[in-house]
Each structure stands twice: as C-alpha cells, then as structure tokens.
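Novice: pasting a predicted model and its sequence here:
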Amino acid sequence: MRYLPLTSGDRRAMLERIGARNVDELFRDVPKDALNAPIDLPAHKGELEVERLLGALAAKNRAAGAGPFFVGCGAYKHHVPATVDHVIQRSEFLTSYTPYQPEIAQGTLQYLFEFQTQVAALTGMEVANASMYDGSTACGEAALMARRVTKRGRVVLSGGLHPHYAAVVRTNSELLGDKVVAAPMDVDGKEDLAAMIDGDTACVIVQNPDVFGNLRDLSPIADACRAHGALLVAVVTETVSLGAVKSPGEMGADIVVGEGQSIGVGLNFGGPYVGLFATRQKYVRQMPGRLCGETKDAEGKRGFVLTLSTREQHIRRDKATSNICTNSGLCALAFTVHMTLLGGEGLRRLAMLNHEAACKTADALARISGVELITKSYFNEFTLRLPKNATEVVEFLATKGVLAGVPGGRLWPNDRQADNLLIIAATECVRDADIDAFAAALEEVL
Amino acid sequence: MGMNVQGRPTQQVAESVAPSSTFTGNRALQIEESLIFEKNAFDETGVDLPEPVGVNRLGAHARQSPINLPGLSEPETMRHYVRLSQKNFSIDSGPFPLGSCTMKHNPRLNEKMARLPGFADIHPLQPQSTVQGALELIDELAHWLLELTGMPAVAMSPKAGAHGELCGMMAIKAALIDRGEAKSRTRVLAPESAHGTNPATAAQCGFTVDAIPADETGRIDLEALRQKMGPDVAAIMVTNPNTCGLFERDIRAIADAVHEAGGYFYCDGANFNAIAGKVRPGDLGVDAMHINLHKTFSTPHGGGGPGAGPVVLSEALAPFAPVPYVVKEGGRYHLVETRRAAEAEGESHAGGRLTAFHGQMGMFVRALSYMLSHGGDGIRQAAEDAVLNANYVLARLKAEMTPAFDGYCMHECLFDDEFLKGTGVETIDFAKAMIDEGYHPMTMYFPLVVHGAMLIEPTESESKQELDRFCDALLSIARRAKAGDQSLKTAPHFAPRRRLDETGAARNPVLRWTPAE
C-alpha cells in the first residue's frame, strides 16, 4: 500500500522492541468478539484505478463552466485566478494544522491577520474573525452571539433571508429554547420588519442583496433595532456585491456575516466554503470562532498569535461562546489571495462587470412575453415570475444545455406562491452568447 | 590529487564567526515579509479586468466610500504568499505528532480528484438531474462509513468534528423530545479528560454537563459512572480510544449503564484512526459518533480547516437525522432537502438543517479517494501501523520520559512531566525545544487530567527510520533537561520567531492592520 512506509521487517522489529507477540496484542483492551470483524469493502487500488472510478462519477455531472450558467442563491460561479489554487496547494499551507505553535506557523497566522483586515474593510466593520465554516453557520452563530450580548431570546428573520440560512438559525436558536419569528416570503423587498421588533428581540437578521436579489437599505431597520436595544445582523451571501453596493457597516449593522465563496473558493457543490464574521470592537469578547492578533516575540519582532482564546471551548468548555474548534483556514487563504490580487479597485471593477451582466440578462429575459421582472433594484441577481412552473422550465432548459437559475420550488417547496419564481444570477463569467441561448430557450418553452 | 594548479594561494580558513544579524533581517531562506497593506498598492489591481462601461442601476444603493484594500501584481502576490508559506511547519516537511489531531500524509491524488470540474465546478442548487454523479459519490462514501462503523445510518452534512457533535447531540435531544422526556433529562456525562468541544456542544444543546472521574488506569471509573446515572441523564459523551490514548476496556458496560438509565451513548470519533477497519463502534453499543474526515480519512487540515464531520447513528437515533440527505430510488439519486419533504417520505422526525446546501463535498471526494486507494485491507493496516508506531515510540521514550499510564497505548502515547521534576524545565519548554530539532511539538497540556501532559500521535505515515530519529531527538532533549540545560527555557532559538507574547496579545487585542497615525 503506497501510503504506508513500514515494511514487514520493520513491523517485526518494532513488535519485538515493544515486547508484543503480534499487533493484535496491542488491541487487547478491545472486547474479543469486537476485534477484526469482517468488513465487506473492496481491496486497495492503484492511482490509475481510483482516477478512473472517480473520473466516471465526475463525468456524470454537468460543470458550470461547460455552458450557459445562471445559478446563484448563495453560491456563485466566478473566475478564480490560477495563482490562488497554486498558493493553497503549497504543502506548508495545505498540510499544516491550526497555528497553536506560533513560532512555526507565522505563515498561517499572518494571512489570517490579512484576512481579518480585508473582511473588516469590505463589510465596513471594526473587527472580523479568522472565518467560520460557511455563511449559513456564521449566521446561526450571529443569532447566538446577539443572545449573549442582549441576554434576550427572540430572533426576527427577514422574509428575504435565504431559507437555508433561516433554517440554520432555527436549528441553533430553538435548541436553547429561543423564539424564532420569520416574516413571510418577501419577493419584492417591501416588508416592514420594524413592526416585528419588540423589547424581547435579541436581533433582526436581514440579507442584502436578499435571496431574490433585491437591494435593501438597511438604515431604517438599523435605527429601529437601536431604538429597541436589539442588534442588526446583516447577511451577505454574494461578497462580490460589496465592491459596488453600500457595506452593511455603512448602514448601521452590528454584526455582519457573509459567505466568502465568491472570492477565491469556487462552487464545490456547496462546500467547503468560508464564512465571514465581523462586528464592532465592543462586542469582540462575545464573538465566536478563532481570532488572530498581532504581538511581539522575545526579540521584539512583530509576530502573530491566536488570541482571546478564553472565549473558546478548549479553555472555557461548557461556558465557551461556541463549540467551534476550527475555522475554514484554507478557504480563508484562497479568499485572501484572490482579494490581494483584486484589491479594492479590482473588486470594484469585478462587481460592476457582474452588475452589467445581470442588467443585460434581465433586459433580454424581461422582453419575453409572459415574463415579469419582479426585482426593481438588484446587483447581480434578480427574480422573474414566469407564466409556468419554474422547476419544469429549469429542467427543460437543462436539456437544452442552459442552467437557468434556481426555481422557487427548490427553496420554498411548500409555498405555492414560489412555484413560478425563477431566481437568476449573472456574473462576469456570463457571455453575450450565453444570454442569447438562455433567452431563446426560455422563449421556446414558454 | 588535490594539487593547487590554478595559482590561487592556499590559506588557512579563518575561524568561522557568524554575524548576529543581517542588514535585511532575513536569514537566507527565511525572508522577513511585510503585510500586504504595507506595500503601497492601494489603487492598484493584480487582475486584468476591463473597465466597466455599461449600465449602473444601483442608484442610492451604490457604495459611497472606496474600499481601502491593496491590489498586488501577480508576481508580488505569489512571492508574498510563498514567503509566508516558508514560515510554516507542515506534514509534508516533517513529523507532526500532534496527539488527538491525526496529522497523517495527505495524498495529492485526493487533491487532483477534488479538482475535477465535475466535482469542483458544480453548483449545489443546479437541477439534480445534472449532478447524479455527485449524489452517487455522497451515497458511496456513506456506504463506506457505515460499513466501517457497523452503524445503520449516517448524516453527511456536518462541516467539522464539533459540528458533528452538535448534529449527534441534537438527534439525542430530538429523540428525548419525542419520548416526552426532554424536560426531565437534562444532564450529560462526560469524562474530565474530554475534548473541550464535548461540554461546549452539550451546553449549546441546552444540557448541563457533569464530569466523570477517571480511574488510576486512565479510563472511566465505571463505579463512579454508575453512581452518577439517574433518570435525568440524557447522554454520555465518551471518546474511544480516549484522550489518554487508551481503549475504554469497559466500553460495553458503559454503554449498558447509560442505556439502562434511559440515556444515549455519544461517541467522540476523533480517535477513530486507531480502530478503523479493526473495530466497529456499532458493535460496542454506540448511538451516535462523528467521524473527522480530516483526521481518519486524510482530508488536509489546511492550517485549521475546512474539515468535515459526518455522524453515524443507531436505529434509535436515525429517524432524527437532519436534512438534507440523499435517497436512491430505481437507480436515480435525489436529495431530501426540507423537513416537510422528509415527512412526505415517511421521515416525520427528521431534524432541521445544520448548514446551507449538502455538506463538505470537496472533502467527501478526497475522503472517498483515500478510502478507495486504501481499500478495506489498507484501512485496517493503517490502523495497525498507527497503533504499532505509537507503541514503538512509547517503548523507546520510556528510557528517559515518564508514561502517564502503564501498559500498551492505542494510536497515541501520553507522558506526564514527572521526568522534568526539579529540572526547572516544563512541558512547554520541552515542546519548544522540539521545534529547534525540526519537529512539530506534540499536543501539550491536554488531556487536562495528566500533569504537564505530552500527547504524541505519530500516525501510520512515519517510517521506522523517521521514528528512530524522532525518538533520539526527544531523548536528547530529556537528557539535556535533566542535565540542567537552561537554554531549553527560551527555546525555540532557530525558528522564524522566538516565543511570542500571547498575554500581551490578549490584553491589548490588535486584530487588524490600521494605517500608522
């Protein structure tokens, strides 16, 4: 077996040194009848065979880059520069552990410090952590953090929040007996959330751009939160939008969580991704997750360490701010490298190219008879109401080679109002020919 | 033969004296590297994108202030991150014997497979008819996990070990709610030696945590455990092999005790690498166990994630698994993505979502690639080699160091700091001295039940020769400590940084770069 360096001679010599007759003697504490139960699994394989098996499975999937592609709703098809993948495959980044020994982990620690700085700047907040599993779990943790800060147990969810994110918040908060109140599905971004806040409310969670693509002004809801002593949690699932639209910090958010997948990470069928988590300095000790901080070494040289670990489970155990024991290190590195290449200026351009592609796509599709463009103000994603069931339309378009977007029925399977909705994302990867193909196929099916 | 025929005068080489510093602060291959924010590239970009000329319908939503972040050219970016990488220790460069973390070889084939466009470039919400291969892969990986654990069900979506714990404990809570006992069963038992995530997870599920003492052999004190049982016990959380690197001999009696009391048995599977292919947790009475794909099945740790933590479940807990899950019907695969949809399939107790989408697909591909490569036989051999390596290290290090417990260990060996008594050298100094010798330190000061704990997990990836060098180095450090070598107190001396001021970092947290005043 190519991954195992011990030879049978080594094994014999080592057993002799240990003083054991055979390897099973080392397992003598295992109940006899539970040791070496037969396992019905195939024997080891060479690289070539494994490549063929997995290659055959991969070939059954339609890759986003293989044709016109307009699927979004929390994960986006963006181009990732080749440098990013090279850097994250460096042995020293790929095969290292959480930087508990900072003297030999300055590489990881410094990029985490850069990551935290980039995320804080993008979200318009004062501090950011070293990342979470993904945007949805960051959102769930934000609700729990608001609970710690306000000592209240009621969470209000916008009707424009991604249903998976809403479900994660429910899962986390209801475990602790908190009340989660969700506004009805809000297709056009006109809900009145302020009316749902009361004196027991820990936080209001609003997504911008929302799951339908609507751009929202969070300032009024931030004011309403402040008036009631609640926190505003802003959710950003398309980080590229921050290159063009007002940051949540500018609009008064207390906690910003985001999905960083769009920058550097790729689609990966939903994971691994990288959760962004930013807040105000005054709440830093209530934050979940890893934090990297600047310090000095014994010779006075600048260095970085994991810090404020008295919040964390390995120190505080059942009193910890969260049970989280890891971040999404390598994806955070991908984010940081891509963001370092882009810079603020590159991100602005990238964002505007996305916006342009979405405007072009929306114009082309809205012209088709029977199609209604619901979203009035959008970044790179918008919602159409079709005269037909959108799931069926999407399946038909897939047979024509066009992956057309997310049908409402996929995310709101129990809400008939969603059946004819189609949520469409257009990024810099969309070409004019893709839009033409989409429009022609849609016209054909309607 | 050694004759100087080029006319250069032969002279005596002067006694070598190393300078104390260099002009740049660099030390040959170790280059000092500033932060990206200190490179004065705030208006630049390292990506060639056309200047947008088209429409702008953002109106009042448009960003008002510029994003103050630097953009570096591609060569500058590459050099920056390559230099940073050279300040990291990694498995690829040397032994990384971090107990409880299973830092084994990460095969590059797995990286190559995960990057196939059919896996890396597919969207979680594209039509299921266009991702049949991805769903099949999840189903196949689930099959391997079930076969290796002897359990009937698995929840694939948890994103890390601690997330898996949350998933398992949520299933337990849901089962208690279903039995109408959630209000009365509020106590979770966990050994004093448990990973910190165990009590933190229990608390996150609204349980109180009660610590179980260990006996003098480093295992759960069965009598003390029995006395703690009662009608308010929801579950026990046990790591097996435990965090002292020992197999819980009384594991079945422990399972029986909690089951008789009406509670569930959560097993922390962090140490599954010791027994994968040798012992099936399903044969030991386990109700739920997470599997760290980034430990046992070699998906890279990546400097702290991403991981993946699928949870296997017993018959009793299987109905409470969260959505989503994959179902195979007539040769086609589909996802059940909501609790309502699960209900429609007859799963009326399905749990809520833990995360958006369907879990860590990129890690699933890598783990399956690892498993297919090893096969059932290779997985068993890997466990045997991991245990053999740890026992070999234990046998050799006994000469100078003090094992915390007698007898064989499983995949990791644990020492206390008894052998350092009176030397002035502590566990942390010993660990930092390992850095100078070219090794990543072992896990230190964990588990908490052993004084000055040093937990060494060599994994199956180390050759005998490598282990011998490693043991020689550790023995030499132990001898230096005993001989009163005070330079150990300030180790490391040869790393990119000397010891860092962690207290100062926490007292006055600087968590981001800000421009100089």
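Specialist: All right, it came through fine.

Novice: and the residue of the stretch 151-300 of chain A closest to chain B?
Specialist: Closest contact between the stretch 151-300 of chain A and chain B, by CB to the nearest CB, is at residue A:270 (2.9 Å). Bear in mind the C-beta positions are built from the backbone N, C-alpha and C, glycine included.

Novice: ok, that residue to residue B:489 distance?
Specialist: With the distance defined as CB to CB, to the nearest Å, residue A:270 ends up 49 Å from residue B:489.

Novice: can you check residue A:248 too?
Specialist: 48 Å.

Novice: how near is residue B:432 to residue A:101?
Specialist: If you go by CB to CB, the gap between residue B:432 and residue A:101 works out to 8 Å.

Novice: more neighbours: these two, which one.
Specialist: More neighbours sit around residue B:432 than around the other of residue B:432 and residue A:101, counting by other CB atoms under 10 Å in any protein chain shown; the figures are 25 against 21.

Novice: contacting residues around that one?
Specialist: The neighbourhood of residue B:432, defined by CB atoms under 8 Å, 6 or more residues apart in numbering or on different chains, consists of A:103, B:441, B:488, B:491, B:492, B:499.

Novice: count of neighbours near the third one?
Specialist: This points to residue B:488. Applying other CB under 10 Å, we find 23 residues neighbouring residue B:488.

Novice: swap in the fifth one?
Specialist: Using other CB under 10 Å as the criterion, residue B:492 is surrounded by 22 other residues.

Novice: surely it touches residue B:435?
Specialist: Yes: applying CB atoms under 8 Å as the test, residue B:492 and residue B:435 come out as touching, 4.0 Å apart.

Novice: quick one on the thing from earlier: looking at residue A:270 and residue B:489, which has the bigger crowd around it?
Specialist: When residue A:270 and residue B:489 are compared for neighbours, residue A:270 comes out ahead with 27 against 15, by other CB under 10 Å.

Novice: mind checking pLDDT for the more buried one?
Specialist: Residue A:270 is assigned 98 on the pLDDT scale.

Novice: my guess is it meets residue B:357, correct?
Specialist: Yes: Residue A:270 lies in contact with residue B:357 (CB under 8 Å); the separation is 2.9 Å.

Novice: beyond the helix or strand containing residue B:433, next helix or strand please.
Specialist: Using DSSP states H and E, residue B:433 maps to helix B:427-436. With elements assigned by DSSP H and E, the helix or strand that comes after helix B:427-436 is strand B:443-444.

Novice: give me the neighbour count for residue 97.
Specialist: Assuming you mean chain A. Counted with other CB under 10 Å, residues neighbouring residue A:97 total 25.

Novice: try again with chain B
Specialist: Neighbour count of residue B:97, defined by other CB under 10 Å: 28.

Novice: and the residue nearest to residue A:375 when sequence neighbours are not counted, what does it touch?
Specialist: If the residues on either side of it in the chain are set aside, residue A:375 comes closest to residue A:382, at 3.8 Å by CB to CB, 6 or more residues apart in numbering or on different chains. Neighbour list for residue A:382: A:212, A:213, A:358, A:362, A:373, A:374, A:375, A:423, A:424 [criterion: CB under 8 Å, 6+ apart].

Novice: what about the first one, which SS state?
Specialist: It refers to residue A:212. Three states are possible here, and by DSSP: H, G, I helix; E, B strand; the rest coil the one that applies to residue A:212 is coil.

Novice: mind listing what it touches?
Specialist: Residue A:212 makes contacts with A:160, A:186, A:187, A:188, A:189, A:374, A:375, A:381, A:382, A:383, A:421, A:423, as judged by CB under 8 Å, 6+ apart.

Novice: one more pass at 10 Å, please.
Specialist: Contacts were defined as CB atoms under 10 Å, 6 or more residues apart in numbering or on different chains; by that measure residue A:212 touches A:73, A:159-160, A:162, A:185-189, A:374-375, A:378, A:381-383, A:408, A:421, A:423.

Novice: from those residues, which land in strands?
Specialist: A:381, A:382, A:383, A:421, A:423 (DSSP state E).

Novice: what count of nearby residues applies to the fourth one?
Specialist: The criterion is other CB under 10 Å. On that basis, residue A:421 has 25 neighbouring residues.

Novice: now swap in the third one and tell me
Specialist: When neighbours are counted by other CB under 10 Å, residue A:383 registers 27.

Novice: so it touches residue A:412, yeah?
Specialist: No: with contact defined as CB atoms under 10 Å, residue A:383 and residue A:412 do not form a contacting pair (11.9 Å).

Novice: between these two, which contacts overlap?
Specialist: A:211, A:418, A:421.

Novice: residue of the stretch 1-150 of chain B nearest chain A, please.
Specialist: When scored by CB to the nearest CB, the stretch 1-150 of chain B has residue B:71 as its residue closest to chain A, at 1.9 Å.

Novice: helix, strand or coil for that residue?
Specialist: Each residue gets one of three states, and residue B:71 gets coil by three-state DSSP.

Novice: what sits closest to residue 446 if chain neighbours are left out?
Specialist: By default, I'm working from chain A. With CB to CB, 6+ apart as the criterion, residue A:446 has its nearest non-adjacent residue at 5.4 Å, and that residue is residue A:370.

Novice: not quite, go with chain B.
Specialist: Closest residue to residue B:446 in three dimensions, ignoring its sequence neighbours and counting by CB to CB, 6+ apart: residue B:453, at 5.8 Å.

Novice: report how many residues lie close to the one you found.
Specialist: 23.

Novice: quick one, what contacts the spatially most central residue of chain B?
Specialist: The centre of chain B sits closest to residue B:101, judged by CA atoms, centre = their mean, with a distance of 4.7 Å. Contact criterion CB under 10 Å, 6+ apart gives A:97-98, A:100, B:270, B:292, B:294-295, B:301, B:412, B:440, B:442-443, B:455, B:457, B:459 as the residues in contact with residue B:101.

Novice: who wins on neighbours among those residues?
Specialist: Each of the contacts of residue B:101 was scored for neighbours by other CB under 10 Å, and residue B:412 scores highest at 32 neighbours.

Novice: where exactly do the helices run in the stretch 1-150 of chain B?
Specialist: When assigned using DSSP state H, counting those that start in this stretch, the helices of the stretch 1-150 of chain B occupy the ranges B:74-85, B:108-114, B:117-120, B:132-149.

Novice: would you tell me which helix is longest in chain B?
Specialist: Of all the segments assigned as helix in chain B under DSSP state H, the longest by residue count is helix B:361-397.

Novice: mean confidence score for that one?
Specialist: Per-residue pLDDT values over helix B:361-397 give a mean of 98.

Novice: need the helices of the stretch 1-150 of chain B in JSON lines (columns: mean pLDDT and distance to chain A).
Specialist: Output for the helices of the stretch 1-150 of chain B, formatted as JSON lines (pLDDT from 0 to 100; distance: least, CB to the nearest CB, whole Å):
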{"stretch": "helix B:74-85", "mean pLDDT": "97", "distance to chain A": "4"}
{"stretch": "helix B:108-114", "mean pLDDT": "98", "distance to chain A": "5"}
{"stretch": "helix B:117-120", "mean pLDDT": "98", "distance to chain A": "3"}
{"stretch": "helix B:132-149", "mean pLDDT": "98", "distance to chain A": "3"}
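
Novice: any chance of JSON lines for those, columns mean neighbour count and distance to residue A:67?
Specialist: Putting these into JSON lines (neighbours: other CB atoms under 10 Å in any protein chain shown; distance: least, CB to CB, whole Å) gives the following:
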{"stretch": "helix B:74-85", "mean neighbour count": "19", "distance to residue A:67": "29"}
{"stretch": "helix B:108-114", "mean neighbour count": "21", "distance to residue A:67": "22"}
{"stretch": "helix B:117-120", "mean neighbour count": "23", "distance to residue A:67": "12"}
{"stretch": "helix B:132-149", "mean neighbour count": "21", "distance to residue A:67": "17"}
